[in-house]
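Here is my input, please return the structure:
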Amino acid sequence: MEMSQLLLMRHELLLILSALILLVVELAAHDDHKTSIIPWATGLFALVTLVGFLPVPEGTLFGGAYQSTPLTSTIKNILNMAVLIVFLQSEGWLKKEENYDRISEYFLVVIATLIGMNFMVSAGDFLTLYIGLETATIPLAGLAAFDKYKSRSAEAGIKFILSSALSSGVLLFGLSLLYGATGTIYFSDMIPLITPSPLIILGFIFFLAGMGFKISMVPFHFWTADVYEGSPVGITSYLSVVSKGAAVFILGILLFTVFKTITQQWHTLLYVLAVTTMTIGNLFALRQDNLKRFLAFSSIAQAGFILVGLMGPEKMGMATMVYFILIYVFTNLAAFGVVTAVYNASGIETISGYKGLYHTNPKLSLLMMLSLFSLAGIPPVAGFFGKFFIFTSAAGNGYYILVLLAVLNATISLYYYLLVVRSMLIEKNEHPVAWFKSSPMMRLSLLLCLAGMVVIGFASGIFERLLSMAGTLSILS
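As a prediction, this is how the structure comes out:
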């Protein structure tokens, strides 16, 4: 294998190398200075993220089981940026006494899950896809149960692993039906063999159901709120953004390549799933007081909006989905960053506990307001442009009623996002969260999120670049 071929796997190889370096740092670190691993790991991952943006050629490896395209490289870079922000926001939580001896474990397990997600995104066959999916999913259960002294965290880990096992079984059964109908697991060989036959449609339904668990589509969403609430805040943000983003990316790629010949059939399924996911996510978010459960149902609703974008034409639909996830990374991590900072300082993670936050911590309150406005799709923040292109994408295929339902759901979401804003800025509290100063790493992460929310929407070249990449969606086509 030549060096140029190895460069096709640079993201995965760099992550493996960084994990090995962290193991050496862990062995060299003195027991009294374990917290020194945090800047080492974060700085190393920042370097990995920067190197990931260097251009590399396209190509395939291992007989087509692994593929590298400009679009897959961009997707991996988005995931890397999200993980870097999560690492920056995790500093305060990791320095707590109960996590002192497990700092390196946290970084190593997160990197291991990211390696699995990268293989999943670059998969050229369903076996590589499934192995990458399980490599990413199994360690996530350990992360959900990371707070070993809290029963809620243990419960979150159990619920996550049971839900993941069920969804993986359903997905694998669907893949077995597709293999039985086509006689191959390779995407490129399967594309001309996919027809709207009963066996293939049944296999696709099971596949979509398995992926539905991963991205919290209704009715496969029941685990989401409990796992988000029980997990540590940093892990919750990772589940909400990185894990869900990777699953959405691979689903979009497969819909527009492997299953493009049965577009009419999966459009019907996605139509129903998009409407139910948006509506139920929004209605349940209205009833929440715990911010992690609130953002969990918000993320379910956002998954519904993503499905709306996938209803558009192939090129526009894929570009819109990637663009929306890029915005969602900075927006959701900004909200979770504020929740993390407040929780580390006060232990409060409820909407009612945020009353009067603006009077003691105005900057955090304003950032939270901007992130919620972005999630709701209010200009001028980037979330408005993400929603705009999603609606434009669906309208491009004539789904005007679906767009109308999505707009109505966006209006509902505005109401419950404003409940948090009202609590912070208007309502009074005799004992509000006291003023505190976040750590430099947390402030850096929040500044990055703010820059992303403001800049991405106005930088038109970003969407145009994604649109050009979507034109060559896959080397399979």
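
Looking at the helix or strand hosting residue 130 now, give me its mean pLDDT.
Taking DSSP states H and E as the definition, one finds residue 130 inside helix 126-144. On average, the pLDDT along helix 126-144 is 89.

in that helix, what's buried?
126, 128-144 (16 or more other Cβ atoms under 10 Å). No exception for glycine: its C-beta is placed from N, CA and C like everyone else's.

got it, and stretch 207-226?
Applying a neighbour-count criterion of 16+ other Cβ under 10 Å, one finds 207-218, 220-221, 223-226 buried in stretch 207-226.

Give me the subset of those residues that lies in strands.
Of these, none are assigned to strands by DSSP state E.

Just the ones of those residues in helices?
Secondary structure assignment by DSSP state H places 207-215, 223-226 of the buried residues of stretch 207-226 in helices.

Pick out whichever of the residues you listed sits closest to residue 21.
Minimum distance to residue 21 across those is 29.7 Å, recorded for residue 214 (Cβ to Cβ).

can you pull the contacts of the closest one?
Applying Cβ atoms under 8 Å, 6 or more residues apart in numbering, we find residue 214 in contact with 133, 137, 167, 243, 244, 247.

quick one: pLDDT of the fifth one?
So the one you mean is residue 244. Listed pLDDT for residue 244 reads 87.

now the last one
We have a pLDDT of 89 for residue 247.

Correct me if wrong: it contacts residue 212.
No - shown here, residue 247 and residue 212 do not form a contact pair, counting by Cβ atoms under 8 Å, at 9.2 Å.

hmm, back to that, closest one of the ones in helices among the buried residues of stretch 207-226 to residue 363?
Of those, the one sitting nearest to residue 363 (Cβ to Cβ) turns out to be residue 225, at 28.9 Å.

Just confirm the closest one contacts residue 298, I think it does.
No - the pair residue 225 / residue 298 is not scored as a contact, 10.4 Å apart, by Cβ under 8 Å.

Please enumerate the helices of the stretch 251-400 of the chain.
Secondary structure of the stretch 251-400 of the chain, counting by DSSP state H, counting those that start in this stretch: helices at 263-285, 291-309, 314-346, 357-360, 362-376, 382-396, 400-425.

Show which residue of this structure lies farthest from the average position.
Within the chain, residue 430 marks the point farthest from the mean C-alpha position, 37.1 Å out by Cα atoms, centre = their mean.

what helices or strands is the helix holding residue 130 leaning on?
Using 3 or more Cβ pairs under 8 Å, 6 or more residues apart in numbering; DSSP states H and E, the elements in contact with helix 126-144 are helix 103-121, helix 151-182, helix 233-238.

Residue 426: neighbour count?
Using other Cβ atoms under 10 Å, residue 426 has 11 neighbouring residues.

Could you tell me how far it is located from residue 419?
11 Å (Cβ to Cβ, to the nearest Å).

Next: residue 135.
39 Å.

for residue 202, same thing?
42 Å.

thinking again about what came up before, report the angle between the axes of the helix holding residue 130 and helix 151-182?
Using axes from the mean of the first three to the mean of the last three Cα atoms, to 10 degrees, the inter-axis angle of helix 126-144 relative to helix 151-182 is 170 degrees.

Please state the offset of helix 126-144 from the chain centre?
Centroid separation between helix 126-144 and its chain, computed with Cα atoms, centre = their mean, to the nearest Å, is 14 Å.

got the CA positions of that helix in CSV?
The C-alpha trace of helix 126-144 is given here as CSV (Å, rounded to 0.1, in the frame of the first residue of the first chain):
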residue,chain,number,x,y,z
PHE,A,126,-22.8,-2.6,4.7
LEU,A,127,-20.3,-4.7,6.7
THR,A,128,-17.9,-1.8,7.2
LEU,A,129,-20.9,0.4,7.9
TYR,A,130,-22.1,-2.0,10.6
ILE,A,131,-18.7,-2.5,12.2
GLY,A,132,-18.2,1.3,12.3
LEU,A,133,-21.6,1.8,13.8
GLU,A,134,-21.0,-0.7,16.6
THR,A,135,-17.5,0.6,17.2
ALA,A,136,-19.1,4.0,17.8
THR,A,137,-22.1,2.8,19.7
ILE,A,138,-20.8,0.3,22.3
PRO,A,139,-18.3,2.7,24.0
LEU,A,140,-21.1,5.4,24.2
ALA,A,141,-22.9,3.2,26.7
GLY,A,142,-19.9,3.5,29.0
LEU,A,143,-19.8,7.2,28.5
ALA,A,144,-23.5,7.5,29.4
